[in-house]
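# The following comprises the amino acid sequence and a computationally predicted model.
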Amino acid sequence: MQFVVAFLKKLPWVQIALVIGGLFVGLLWAYVIDPVDFINATPSYLRADLQEDYLRMAIDSYHLNPDQNLAVQRWQNLGIGAQSAFSAIQANPQTIDPAVIQNYGELITTVLSGQPAPVEDTGMSTIQMVTLGFGILVLLGLVGYGVLYLYRLLGKRGSGEVTPSMQAVEISRKAEKTNFEQMGLAPPITQTMTTYVLGDDLYDESFSIDTQAGEFMGEYGVGVSEAIGVGEPKKVTALEIWLFDKNDIKTATKVLMSKHAFNDPSIHARLEPKGELVIVEPQAQVLLETATLQLLATVVDLEYGNSALPADSYFERITLELAIWPRQG
């Protein structure tokens, strides 16, 4: 299950959402906002009763103006519906002289006896075919990307290679959670361990907050806020913790920064609009509060990376314990 979750987290959901959103907007524009104007259509698109009315007028017109070419053209305009409309008129001539109906029928039979019967056009219009084709290509592309990514991921597992996200899951699983009841505190609504490991460039965890009765209360999570240097993997120098409360209009956010990032004026100024800035220290605790919720984040484990970059500038590994309580008062 943890492998499936890790795989889903790695999918490029933003790109997928953009493709699906673009396809939806295109369809909305083509069919609702500015649809194709269908003009100069033949009576073959009319309902059966209207096709019958059209043929009655064509027969009357032929009686007054015996233009054979025009009479045949009007018959052909009805497509496969012409014969059924003519049969209905024969059964119920109404104001038309049956002899006139018979003469019209004989004309049509004589002229069209050597021509093939019309075939109903059940095919799609050009725009429908283009839209369907594009949709199929997009779907195949997404499925192909997912299969390729899964193949690569399974290949790594089969070859014994451990990915950073797999390392993170294992570290979080082994980390010991705080027993808040032994400390005289009420047990949290939810308590989660999450770990970032260098190389997990798409690190972005989010969790739901629900009551025991299953009522949704909000969400919380942590993700990459800032990287330093160039190249791969990303050198993460700051993480962003957030708490969403359905009863509050504002999401609480705090930024956990490396020592170097906190003391760098440019990085400090760039991240300040995101929320309160906090230096990461081992066993440090950060509290986030909303209208009805509290989140206590504890730095369970911390290790800085060691490279040509400044000391204590990016995280090699960091494990956080995130615990949620209802806010009292």
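Received, thanks. Numbering: from 1, shown residues only.
# domain parsing for the chain?
2-35+123-161, 43-112, 166-326 (automatic domain parsing).
# List the buried residues in the helix or strand where residue 99 lies.
Under the criterion of DSSP states H and E, residue 99 resides in helix 98-112. By 16 or more other Cβ atoms under 10 Å, the buried positions in helix 98-112 come out as 101, 103-105, 107-108. Every residue, glycine included, has its C-beta placed from N, CA and C.
# Could you measure from residue 140 over to residue 74?
In this structure, residue 140 and residue 74 are 46 Å apart, going by Cβ to Cβ, to the nearest Å.
# try residue 171
Applying Cβ to Cβ to residue 171 and residue 74 gives a distance of 80 Å.
# Looking at these two now, which is surrounded by more residues?
residue 74 (22 against 19; other Cβ atoms under 10 Å).
# close enough to count as contact, the more buried one and residue 58?
Yes: Residue 74 is within contact range of residue 58, at 4.0 Å (criterion: Cβ atoms under 8 Å).
# which residues touch residue 206?
Residue 206 makes contact with 219-221, 223, according to Cβ atoms under 8 Å, 6 or more residues apart in numbering.
# On the three-state scheme, it is what?
The three-state assignment at residue 206 reads strand, by DSSP: H, G, I helix; E, B strand; the rest coil.
# So for it, what's the pLDDT?
Here the pLDDT value assigned to residue 206 is 93.
# now residue 6
Note on residue 6: pLDDT of 49.
# ditto for the one 5 residues further on
On pLDDT, residue 11 comes in at 57.
# do the one 3 residues further on as well
We note a pLDDT of 66 for residue 14 in this prediction.
# What are the boundaries of the helices in the stretch 51-200 of the chain?
68-77, 81-91, 98-112, 126-158, 164-174 (DSSP state H, counting those that start in this stretch).
# Worst mean pLDDT among those?
Note on the helices of the stretch 51-200 of the chain: helix 126-158 shows the lowest mean pLDDT, a mean of 69.
# Provide a list of residues in contact with the residue nearest to residue 229 when sequence neighbours are not counted.
Nearest non-adjacent residue to residue 229, counting by Cβ to Cβ, 6 or more residues apart in numbering: residue 235, 4.6 Å away. Taking Cβ under 8 Å, 6+ apart, we find residue 235 in contact with 198, 227-229, 305, 307, 309, 313-314.
# Can you tell me how far residue 235 is from residue 258?
10 Å.
# Poorly predicted segments of the stretch 151-300 of the chain, please.
Scanning the stretch 151-300 of the chain for pLDDT under 70 picks out the ranges 151-161.
# Tell me where it has strands.
Under the criterion DSSP state E, counting those that start in this stretch, strands of the stretch 151-300 of the chain are mapped to 190-197, 204-210, 216-228, 235-245, 252-257, 276-279, 285-289, 293-304.
# of the ones you listed, which approaches residue 65 most closely?
Closest of the strands of the stretch 151-300 of the chain to residue 65 is strand 216-228, at 73.8 Å (criterion: Cβ to Cβ).
# Counting by contacts, list what that closest one packs against.
Here strand 216-228 touches strand 190-197, strand 204-210, strand 235-245, strand 252-257, helix 259-263, helix 265-271, strand 293-304, strand 315-326, going by 3 or more Cβ pairs under 8 Å, 6 or more residues apart in numbering; DSSP states H and E.
# Show me the one of the ones you listed that comes nearest residue 146.
That would be strand 204-210 among the helices and strands packed on strand 216-228, by Cβ to Cβ, at 18.4 Å.
# So in that sheet, which strands flank the closest one, and in what orientation?
Listed by DSSP bridges, the sheet partners of strand 204-210 and their directions read strand 216-228 (antiparallel).
# export the partner strand as PDB, just CAs?
Extracted in PDB, the C-alpha atoms of strand 216-228 (Å, rounded to 0.1, in the frame of the first residue of the first chain):
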ATOM      1  CA  PHE A 216     -14.200  16.200   7.800                       C
ATOM      2  CA  MET A 217     -12.500  18.900   9.900                       C
ATOM      3  CA  GLY A 218      -9.600  20.000   7.600                       C
ATOM      4  CA  GLU A 219      -6.300  19.000   6.200                       C
ATOM      5  CA  TYR A 220      -2.600  19.500   7.000                       C
ATOM      6  CA  GLY A 221       0.700  18.800   5.300                       C
ATOM      7  CA  VAL A 222       4.300  19.600   4.500                       C
ATOM      8  CA  GLY A 223       6.100  20.200   1.300                       C
ATOM      9  CA  VAL A 224       9.200  21.700  -0.400                       C
ATOM     10  CA  SER A 225       9.200  25.500  -0.100                       C
ATOM     11  CA  GLU A 226      12.700  26.500  -1.300                       C
ATOM     12  CA  ALA A 227      15.800  24.800  -2.900                       C
ATOM     13  CA  ILE A 228      19.300  26.100  -3.100                       C
END
